[in-house]
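>>> next comes the sequence, and after it the predicted model I'd like to discuss.
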Amino acid sequence: MSEKVDRRSFLRAGLAGTAGLGLSLLGGARQPLAAQPSDQKMPKRVLGRTGYSVAIFSLGGQSTLEHSSRVAREMAVAIINRALDLGVNYCDTAPLYGPSQDYYGEVMKTRRKEVFLASKTDDRSRDGSMRLLENSLKRLQTDHLDLWQLHHVGSRADLDSAFAKGGALEALVQAREEKLVRYLGITGHYDPASLREGIRRFDFDCVLMALNAADRHHLPFQEELLQDAARKKMGIIGMKVPARGRLLQQAGLSMKECVDYVWTLPVSTVIIGCDSVQQLEQNVSLAKGFKPLAPAAMAQIERRTRETAATCAWYKRGSTDPWG
């Protein structure tokens, strides 16, 4: 028996069968997207060339989901279940997010078919990444991921390491060939140039990038990178939407302004971690009421973030507030 068959058999052992989601191959839009008509509870958009119809609000794997305690576990599982009940159908996690994968696994063992499940590898080697994948699948209680991504690609040297012989990119391709993952992606919030080079070198299906109302003021992701990804018809996922709450606390924006700003861009969905079920429900409510902003409204929100842009971009290269 081949190594490929052995690995897949091992990962499938003891897991409930999870049939793959039936997806049609649809292209992604190049212009700012309005919500598509849907009979679901939230507006949906196409996740690029995957063809998957994704709710515009998706659940991130941080906030409560990355904390270790009995109370956090109970709250995390409640958040995940409630998210799926409300129509959230894309869930994000990563090995770096503490027990997040374990909490998702508690739900995935009975609700896997309802979710487009995305995880990542922060290891830059092929072998290390494959070990991370096997561990992630066990913890998530599934036999496959819908999306596996190179996590937090920062500098060009970091990218080169993942693309080198024996690097993490080889693991992504191998995992897709073995049907352990369905689609491949790349993520980052440090330098848009590294992600631009990454999607130039390899035909990724999706990109996860930092996007928020302060983005334009320093090393913007929404200019060349966002437009390149849209032209390539990639699934585009936004993160850092409220900048870990700094856009609310320091720039004085409302959560509605934060999400409406990013949803008006040509993104497929945004991932946001939630502290509570109530916070989750508020975010879903905002998604249900979303209407694209006019250019003047976008510009006005950007002006309000100018003075605090440095502290709201602590995660970017060259930020004057790198550690928060």
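Perfect, thanks for sending it. Numbers count the residues shown, from 1 in each chain.
>>> alpha carbons only for contacts and neighbour counts from here, please
Fine.
>>> check for me that residue 225 belongs to a helix.
Yes: under DSSP: H, G, I helix; E, B strand; the rest coil, residue 225 sits within a helix.
>>> now do it, the pLDDT please.
Listed pLDDT for residue 225 reads 98.
>>> what of the one 3 residues further on?
At residue 228, the predicted lDDT confidence score is 98.
>>> got it, and residue 245?
At residue 245, the pLDDT value in this model is 95.
>>> again, but for residue 321
Value for residue 321, per-residue pLDDT: 59.
>>> and for residue 1?
pLDDT, read off for residue 1, is 38.
>>> check residue 318 too.
So, for residue 318, pLDDT stands at 88.
>>> low-confidence ranges, the stretch 1-150 of the chain, go.
1-40 (pLDDT under 70).
>>> helices of that one, start to end?
For the stretch 1-150 of the chain, the helices defined by DSSP state H, counting those that start in this stretch cover 3-12, 70-85, 100-111, 126-140.
>>> of all those helices, which lies closest to residue 250?
helix 70-85 (26.9 Å; C-alpha to C-alpha).
>>> can you give me the angle the closest one makes with helix 100-111?
50 degrees (axes from the mean of the first three to the mean of the last three C-alpha atoms, to 10 degrees).
>>> okay, buried residues for helix 70-85 please.
72, 73, 75, 76, 77, 79, 80, 81, 82, 83, 84 (16 or more other C-alpha atoms under 10 Å).
>>> redo the helices of the stretch 1-150 of the chain as TSV? Include distance to residue 119.
Listed next are those as TSV, based on distance: least, C-alpha to C-alpha, whole Å:
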stretch	distance to residue 119
helix 3-12	16
helix 70-85	15
helix 100-111	9
helix 126-140	8
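>>> with respect to residue 249, which of the ones you listed lies nearest?
helix 70-85 (23.7 Å).
>>> wait, which of the helices of the stretch 1-150 of the chain is closest to residue 209?
Using C-alpha to C-alpha, these put helix 100-111 closest to residue 209, at 20.0 Å.
>>> by contact count, what packs against that closest one?
helix 70-85, helix 126-140 (3 or more C-alpha pairs under 8 Å, 6 or more residues apart in numbering; DSSP states H and E).
>>> one more pass at 10 Å, please.
helix 70-85, strand 90-92, strand 116-121, helix 126-140 (3 or more C-alpha pairs under 10 Å, 6 or more residues apart in numbering; DSSP states H and E).
>>> residues near residue 187, how many?
The tally of other residues near residue 187 (other C-alpha atoms under 10 Å) stands at 24.
>>> I misspoke; the intended subject was residue 63.
17.
>>> relative to residue 75, how far out is it?
11 Å (C-alpha to C-alpha, to the nearest Å).
>>> please report phi then psi for residue 268.
Main-chain torsions, residue 268, degrees, to the nearest 10: phi -80, psi -40.
>>> with the one 3 residues further on instead?
Note on residue 271: backbone dihedrals following degrees, to the nearest 10 are phi -110, psi 130.
>>> residue 260 now?
phi -60, psi -40.
>>> of the buried residues of helix 70-85, closest to residue 284?
residue 83 (8.4 Å).
>>> test my guess that the closest one contacts residue 273.
No: applying C-alpha atoms under 10 Å, one finds residue 83 not in contact with residue 273, separated by 11.2 Å.
>>> which non-adjacent residue is nearest residue 187?
residue 208 (4.5 Å; C-alpha to C-alpha, 6 or more residues apart in numbering).
>>> residue contacts, that neighbour?
Residue 208 sits next to 149-152, 185-189, 195, 235-239, 267, 269-271 when contact means C-alpha atoms under 10 Å, 6 or more residues apart in numbering.
>>> looking at it now. What's its pLDDT?
So residue 208 comes in at 98 (pLDDT).
>>> please name the bridge partners of it.
residue 187, residue 237 (DSSP bridges).
>>> where's it relative to residue 60, distance?
For residue 208, the distance to residue 60 - C-alpha to C-alpha - is 12 Å.
>>> give me the common contacts of those two.
239, 270, 271.
>>> including neighbour count, could those go into TSV?
As requested, the shared contacts of residue 208 and residue 60 are exported to TSV (neighbours: other C-alpha atoms under 10 Å):
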residue	neighbour count
239	22
270	26
271	21
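>>> going by distance to residue 41, which of these wins?
Nearest to residue 41 among those, with distances taken as C-alpha to C-alpha, is residue 270, at 16.3 Å.
>>> following the helix or strand harbouring that closest one, which helix or strand shows up next?
Using DSSP states H and E, residue 270 maps to strand 269-272. Remark: after strand 269-272, the chain's next helix or strand is helix 277-288, criterion DSSP H and E.
>>> can you list contacts of the helix or strand following that following helix?
Downstream of helix 277-288, the next assigned helix or strand under DSSP H and E is helix 295-304. By C-alpha under 10 Å, 6+ apart, the surrounding residues in contact with helix 295-304 are 212-217, 247, 251-253, 257-258, 260-262, 264-265, 292-293, 309.
>>> adding pLDDT as columns, could you present the shared contacts of residue 208 and residue 60 in JSON lines?
Shown next, in JSON lines, are the shared contacts of residue 208 and residue 60 (pLDDT from 0 to 100):
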{"residue": "239", "pLDDT": "98"}
{"residue": "270", "pLDDT": "98"}
{"residue": "271", "pLDDT": "98"}
